[in-house]
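S.K.: whatever this is, show me its structure:
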Amino acid sequence: MGYIPSPKGLAREMAYVLLNKIVFYKVLERYYNTPRLEPFYEKGTAQTCNMYLSKLRELFDKAVEVSKDFEAIFKTGIYDAIDLVESEEVLNALDWLIGLIDNYEIERLGDIVGFIYEELIPPEERHLLGQFYTPRPIAELIVKWCIRSPDDKILDPGCGSGTFLVEAYKRLAELKLKKPFSQIKHVPEDVHRQILRQLYGVDINEFPAHLTAINLAMKNVRAPTTEMYVFVRDYLAINPGQRVLVPFEIRTPEGEKQVEVVFKDFDAVVGNPPYTRWTEISDETQSSILRHLKSNISKYDLTPQVSRGVEPGIYVYWIMHSTGFLKDNGRLGMIISDSWLQTDYGKNFLKFLLDNYKVHAIIDISARVFPIPLIGACIIL
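M.R.: This is a model prediction of the structure:
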């Protein structure tokens, strides 16, 4: 997928995913009859890291069995193969985390989980993947403008920890239940499931996709559903109209079945595309972009020419690609780099926008939104 983590980076993400599972299991404890997850080392029931992991895996399997759901959180492929260095420090840290979570109803904190984890991921890794946490008010503004109907189908093609999809969930809940989200104490199970079937997320990295699944599931943990359309894929390699298998089998009255969804006819595409420069994109992904968007790149003279200083950011091609997924009169709302506003290729990009959209607003933001020098941002609606 053009993303090759270092062994150290993969190990770190494995650790984060394990912590995600512990956090989510503690939330489930309050709603399901699952065995209590206690500090195993302190209680004397797990005196090695290997024993601790074994007990955690047993509980995670039990959570899936009891809830009849949440495979998207507890079954994570290669991340399930985590091993831990035998260390009393590690055992104490796991005990400490479990004790800490017992003091809070963490599902009430919203996407604070994504914000915390962004602080843990080294800046060089975030820069390479173009991943930055979007402040909630910006996501809320974009989502409220884009989503007009309770039946709208929404795509966030670079969903990260789920900030935009969480706001989209809240917006759809408001429209369906006809009241502000702050006045909705509980989203009914049928409405919760309806909303999840209208939200599609894609991320190239398993770790933030896992955070998205957790953030959406926490909106109503009493309403298990295997219909969670969060895909670990390279968005630029998905074609409009392409059929994609849902990661987990869907439970129906007739039993479990594999389900395909079709990536087309979205009412809204929202998000915060990667901020990766052209020269930082892998050769394979560069070739894929030039191949998939060949006609428009040629028509609008947006071919990268690094030697001449023509280097459109990946967000330009991201928006061009997204256009094909929208239905007629669909809406696109994104926060992107503002660098195109001061370039010649930006004029060509604006011509593409004017030919394909009614531009409602381009909002240039004077304050620094992201913690990286020299990256300014603007909102495009």
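S.K.: Asp61 - how many residues pack around it?
M.R.: When neighbours are defined as other Cβ atoms under 10 Å, Asp61 has 12 of them. All C-beta spots, glycine's among them, are computed from the backbone N, C-alpha and C.
S.K.: in this protein, what helix or strand scores lowest on average pLDDT?
M.R.: Least confident helix or strand of the chain, by mean pLDDT, DSSP states H and E, is helix 123-129 with a mean of 57.
S.K.: strands of the stretch 101-250 of the chain, start to end?
M.R.: Using DSSP state E, counting those that start in this stretch, the strands found in the stretch 101-250 of the chain span residues 154-156, 199-203, 230-232, 243-245, 250-252.
S.K.: would you single out the least confident of those strands?
M.R.: For the strands of the stretch 101-250 of the chain, mean pLDDT drops lowest on strand 250-252, to a mean of 63.
S.K.: please save the CA atoms from the top helix by length along the chain in PDB.
M.R.: Taking DSSP state H as the criterion, the chain has its longest helix at helix 7-29. Extracted C-alpha coordinates of helix 7-29, given in PDB (Å, rounded to 0.1, in the frame of the first residue of the first chain):
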ATOM      1  CA  PRO A   7      10.100  -2.900  13.000                       C
ATOM      2  CA  LYS A   8      10.100  -0.300  15.800                       C
ATOM      3  CA  GLY A   9       7.100   1.500  14.400                       C
ATOM      4  CA  LEU A  10       5.100  -1.700  14.000                       C
ATOM      5  CA  ALA A  11       6.000  -2.800  17.500                       C
ATOM      6  CA  ARG A  12       4.800   0.600  18.800                       C
ATOM      7  CA  GLU A  13       1.500   0.400  16.900                       C
ATOM      8  CA  MET A  14       1.000  -3.200  18.200                       C
ATOM      9  CA  ALA A  15       1.300  -1.800  21.700                       C
ATOM     10  CA  TYR A  16      -1.200   1.000  21.000                       C
ATOM     11  CA  VAL A  17      -3.700  -1.500  19.600                       C
ATOM     12  CA  LEU A  18      -3.400  -3.700  22.700                       C
ATOM     13  CA  LEU A  19      -4.100  -0.700  24.900                       C
ATOM     14  CA  ASN A  20      -7.100   0.200  22.700                       C
ATOM     15  CA  LYS A  21      -8.500  -3.300  23.300                       C
ATOM     16  CA  ILE A  22      -8.000  -3.000  27.100                       C
ATOM     17  CA  VAL A  23      -9.800   0.400  27.100                       C
ATOM     18  CA  PHE A  24     -12.700  -0.900  25.000                       C
ATOM     19  CA  TYR A  25     -13.000  -4.100  27.100                       C
ATOM     20  CA  LYS A  26     -13.300  -2.000  30.200                       C
ATOM     21  CA  VAL A  27     -16.200   0.000  28.600                       C
ATOM     22  CA  LEU A  28     -18.000  -3.300  27.700                       C
ATOM     23  CA  GLU A  29     -17.800  -4.500  31.300                       C
END
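S.K.: where does the stretch 1-150 of the chain have low pLDDT?
M.R.: Residue ranges of the stretch 1-150 of the chain with pLDDT under 70: 1-3, 106-133.
S.K.: tell me which stretches of it form helices.
M.R.: According to DSSP state H, counting those that start in this stretch, the stretch 1-150 of the chain carries its helices in the segments 7-29, 40-43, 49-67, 71-74, 88-101, 112-120, 123-129, 136-146.
S.K.: show me what the first one is in contact with.
M.R.: Spelled out, that is helix 7-29. 5, 34, 36-37, 56, 59-60, 63, 67, 70, 73-74, 76, 78-79, 81-82, 94, 97-98, 101-102, 105-107, 113, 117, 120-121, 125, 205-207, 210-211, 214, 217-218, 221 (Cβ atoms under 8 Å, 6 or more residues apart in numbering).
S.K.: still on that earlier bit, out of the strands of the stretch 101-250 of the chain, deepest packed?
M.R.: Of all the strands of the stretch 101-250 of the chain, strand 154-156 carries the top mean neighbour count, a mean of 28, counting by mean count of other Cβ atoms under 10 Å.
S.K.: report all helices and strands that it contacts.
M.R.: On a contact count with 3 or more Cβ pairs under 8 Å, 6 or more residues apart in numbering; DSSP states H and E, strand 154-156 meets helix 163-177, strand 199-203, strand 266-271.
S.K.: show me what counts as buried in stretch 275-286.
M.R.: For stretch 275-286, burial by neighbour count (16 or more other Cβ atoms under 10 Å) applies to Tyr275, Thr276, Arg277, Trp278, Ile281, Thr285, Gln286.
S.K.: next, the distance between the ends of that stretch.
M.R.: Chord length of stretch 275-286, first to last residue, is 15 Å (Cα to Cα, to the nearest Å).
S.K.: what is the rounded mean pLDDT of it?
M.R.: Computed over stretch 275-286, the average pLDDT equals 80.
S.K.: now the stretch 201-350 of the chain, which segments are flagged as low pLDDT?
M.R.: Scanning the stretch 201-350 of the chain with the threshold set as pLDDT under 70 gives 224-226, 249-255.
S.K.: give me that answer again for 80
M.R.: Counting by pLDDT under 80, the stretch 201-350 of the chain has low-confidence residues at 207, 221-227, 247-258, 275-277, 280-282, 307-310.
S.K.: got the contact list for Leu53?
M.R.: Ile82, Asp83, Leu84.
S.K.: perfect, I'm done here.
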